[in-house]
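Engineer: sequence first, predicted model second:
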2 protein chains.
Amino acid sequence: MSDIIEPRILKGFRDFLPPSEIERRLLLEKVEESFRSFGFVPIDTPALEYAEILLGKGGGETEKQIYRFTDNGGRDVALRFDLTVPFARFLAEHREELSLPFKRYHIAKVWRGENTQRGRYREFTQCDFDTVGSDTAAADFEILLMIQSTLKNINAGELTIRVNHRGLFNRFLGKISVSDKSVEILRTVDKLSKVGHDATLETLETLVGSENARSILDYIAPRGSFEETLAALTKAAGGPCPESERLSLIRRFMTDTGTADSFTLDPSITRGLDYYTGVVYETFLNELPGIGSVCSGGRYDDLAGLYSKEKLSGVGSSIGLDRLIAGLESLGKLKGRGSYARAAVACIREEDGGISQGIGQKLREAGINCEVFLDEKKLTQQFILAEKKGIPWMIIPDGGALTLRNLAARKNSEGLALDSIIELLKKGDIS
Amino acid sequence: MSDIIEPRILKGFRDFLPPSEIERRLLLEKVEESFRSFGFVPIDTPALEYAEILLGKGGGETEKQIYRFTDNGGRDVALRFDLTVPFARFLAEHREELSLPFKRYHIAKVWRGENTQRGRYREFTQCDFDTVGSDTAAADFEILLMIQSTLKNINAGELTIRVNHRGLFNRFLGKISVSDKSVEILRTVDKLSKVGHDATLETLETLVGSENARSILDYIAPRGSFEETLAALTKAAGGPCPESERLSLIRRFMTDTGTADSFTLDPSITRGLDYYTGVVYETFLNELPGIGSVCSGGRYDDLAGLYSKEKLSGVGSSIGLDRLIAGLESLGKLKGRGSYARAAVACIREEDGGISQGIGQKLREAGINCEVFLDEKKLTQQFILAEKKGIPWMIIPDGGALTLRNLAARKNSEGLALDSIIELLKKGDIS
């Protein structure tokens, strides 16, 4: 047996065993349920695409991290590293088949050969939702409301969604005549919470001089309420403008839906990525702000520009699934489950397997997930196995009548009919 | 704009637009619901693994079809081409963390650089379910019952699951002294329905001579009932043996669960793959037998042997999702849906976006999926868009009172309160 291959997986990749896979699926199912409740529809795209499509005009970081190779047909191909680029390609390719506005979600794996030392994975799930083709406050607000509703649906606790408008910030940068440095300024400001006030000031001073640096830090400083902040930013940007009007209307929608408390206007939120042009936002769990944003996004002007002449404006967001799961776990808000089954049927004699499955089928038809045990083992061993899986009830078939065992309480009810057991399990508060 | 990149995908790969992605998801959700109801639990494994792990001792066909490359760290890696090999590696690697019998399902994409001319895809979803660590008739039967239940759950119509036992067939081959040719014989027999009786006879004659070839064709010929066939095969194989006892017990379980009509004993079913050792089976839709088996599998003796010294016996099956979907589509059993939403809120004035989302939230809280329209367009245009998406109801907010429109019937009910609309939609038979 010396030719056994050592079982191992690649660094940065993960196996998901049932308890964590069940946990992930329960979470994603609730996320999807929320997306669907807003009328968003799913799409899927290939994991593998032409490298030219995925790399577009090329980007230093991306090019280094992407899994790229030549396939057996000599094609230059790569694994997708996000869901945004494939979505842009999808929009350009299927434009004729889609009606706008197009509200889609896409939950799928992506691959990046990142440095795993930072606790990052090389294979992870992204969870994106976007509305394309409606440049309205209603579209912006809907994405914000979906973040709020979806995180509520997964029981993430109180949260703060910090909103800003890149266009308004750019207007301010124009007013102080530093628009030509806007990309560098946005990136610098985006790192404020990581590098701190002094280091940010220093970088900004090098970029735009001392006075402008101070103006920028003033602009992005925390203020009072959403309304007060909006008034101050509007003034700093030169007075009312389409961008301030947009924020004002979005704020009204928050108030109209009774969700105003979940949102703040935070001028320091810029999102480092160049392609955002309108609202931008990040989401923090109030009980665990230190883990960073669990859901971020914004509005972009020209998503599919690399592949199409048509300008498509969109607004969207992405849930940071791994971070969110880690956060919910540390808050004790996720309980690992070993099984979806709520009842198990014990195996007393192998030749009664058909009778046991008959009992199982009756329960399943009544909506009660039921595992049938297959092997003649001591009953106590079967109890232990069921408990290990987190199954609360066991049915012991012995001749005609049945025994129902509450595994946690170690209590048997004997001589029951199957119908009575089904009634008990259906009305019982079995979590 | 001459630097636009032509949007295109790789040959053999697919985009899934909402109607087909919704259809696929509805189907997979019902499949999963059924697996879970039997207490089966999900796992996931990496898309990318060491090539050494996936290729094992190497196999001609596999090696030609696999997507294999060297990653940026110099590792020899490949995309998984099925879910069986990763499952074997998973079992060996996590043996200590799992309790046996281990009942798992795995639904995930796999990649093969196959010839696409045969209507095959290079990226497709596999849907596997297996029980490992219980070599019992109960485990064999449970997989068969799951096939029957799962296909019933997706409304696939009447079906025939053709069962056979490779071990019993091998016993027969031993009795006529041609065991040394068993692999070739099994492969030849597996192709019977494709190449026909005469060509099969010819191949068998070359392999084992004329008399044996006729015996084999006699053995695999269709007979009467399950019981009659079993009696004949048992006799041909030399009398009662563990394999005939296993089939006999499985048959009893079918009768005990009232599912006997769904199964036949078909001695021509062998499954070409070498690793099966016990029961094997294929599933045919009675309304569409010509498309071939939509769910096949069997029992294997030593799944994880490449990676572990421990012998793990398992029994499992795999749903041919693409084939099943094509079959259900051609039977008209799948209706494409453009949306999960059952109601839409029309956009009358953009500044009422908050009020519209407030209506949407009330419906969502009542369990009614509701899309809010975002753009001020003519109402007739909004009606057309909603109908195109398959949304049956539209709510038109105009001042205080609401109008509910049945889009198919083109009928309005005016002056309704939101609560009345929710009541109507909840009890209405809206499909």
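Structural biologist: Okay, I see it.

Engineer: quick one: strands adjacent to the helix or strand hosting residue A:126?
Structural biologist: Applying DSSP states H and E as the criterion places residue A:126 in strand A:123-132. Sheet pairing of strand A:123-132 (DSSP bridges) gives strand A:102-111 (antiparallel), strand A:314-319 (antiparallel).

Engineer: tell me who's in contact with the residue nearest to the spatial centre of chain A.
Structural biologist: For chain A, the residue nearest the mean C-alpha position is residue A:319 (2.6 Å; Cα atoms, centre = their mean). Residue A:319 sits next to A:31, A:127, A:150, A:294, A:295 when contact means Cβ atoms under 8 Å, 6 or more residues apart in numbering or on different chains. Using the backbone N, CA and C atoms, a C-beta is placed for each residue, glycine as well.

Engineer: show me what contacts the residue in the stretch 101-250 of chain A positioned nearest to chain B?
Structural biologist: Closest approach between the stretch 101-250 of chain A and chain B, counting by Cβ to the nearest Cβ: residue A:138, at 3.6 Å. Listed by Cβ under 8 Å, 6+ apart, the contact set of residue A:138 reads A:253, B:347, B:350, B:353, B:356, B:357, B:372, B:374, B:375.

Engineer: wait, is it part of a helix?
Structural biologist: Yes. With DSSP: H, G, I helix; E, B strand; the rest coil as the criterion, residue A:138 is located in a helix.

Engineer: per-residue pLDDT, it?
Structural biologist: pLDDT, residue A:138: 97.

Engineer: sorry, back to before: kindly indicate which of the contacts of residue A:138 lies nearest residue A:145.
Structural biologist: Closest approach to residue A:145 among the contacts of residue A:138 (Cβ to Cβ): residue B:357, at 5.7 Å.

Engineer: and the residue nearest to the centre of chain A, what are its bridge partners?
Structural biologist: Applying DSSP bridges, one finds that residue A:319 bridges with residue A:127, residue A:295.

Engineer: of the contacts of residue A:138, which belong to strands?
Structural biologist: Mapping these onto strands (DSSP state E) picks out residue B:372.

Engineer: give me the buried subset of the contacts of residue A:138.
Structural biologist: A:253, B:347, B:353, B:356, B:357, B:372, B:374, B:375 (16 or more other Cβ atoms under 10 Å in any protein chain shown).

Engineer: which of those residues lies closest to residue B:88?
Structural biologist: Nearest member of the buried ones among the contacts of residue A:138 to residue B:88, counting by Cβ to Cβ, is residue B:372, at 48.9 Å.

Engineer: residues touching that closest one, list them.
Structural biologist: Each residue near residue B:372 by Cβ under 8 Å, 6+ apart is listed here: A:38, A:39, A:138, A:142, B:344, B:345, B:347, B:353, B:356, B:357, B:359, B:360.

Engineer: residues near the second one, how many?
Structural biologist: The burial metric for residue A:39, expressed as a neighbour count using other Cβ atoms under 10 Å in any protein chain shown, is 26.

Engineer: sorry, back to before: make CSV from the contacts of residue B:372 and add distance to residue A:247 to it.
Structural biologist: Formatted as CSV, these follow (distance: Cβ to Cβ, whole Å):
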residue, distance to residue A:247
A:38, 22
A:39, 25
A:138, 14
A:142, 15
B:344, 27
B:345, 23
B:347, 20
B:353, 14
B:356, 19
B:357, 17
B:359, 23
B:360, 22
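
Engineer: could you pull up phi and psi at the nearest residue to residue A:269 once chain neighbours are set aside?
Structural biologist: Closest residue in space to residue A:269, ignoring its immediate chain neighbours: residue A:164 at 4.2 Å, by Cβ to Cβ, 6 or more residues apart in numbering or on different chains. Reported as degrees, to the nearest 10, the phi and psi values for residue A:164 are phi -150, psi 170.

Engineer: same question, residue A:414
Structural biologist: phi -100, psi 160.

Engineer: count the neighbours of it for me.
Structural biologist: Counted with other Cβ under 10 Å, the neighbours of residue A:414 add up to 11.

Engineer: for the nearest residue to it once chain neighbours are set aside, give me its contacts.
Structural biologist: Distances taken as Cβ to Cβ, 6+ apart place residue A:403 nearest to residue A:414, at 4.8 Å, with adjacent residues excluded. Residues near residue A:403 by Cβ under 8 Å, 6+ apart: A:395, A:396, A:412, A:413, A:414, A:415, A:416.

Engineer: and the furthest pair within those?
Structural biologist: The widest separation within the contacts of residue A:403 (Cβ to Cβ) is 12.6 Å, between A:395 and A:415.
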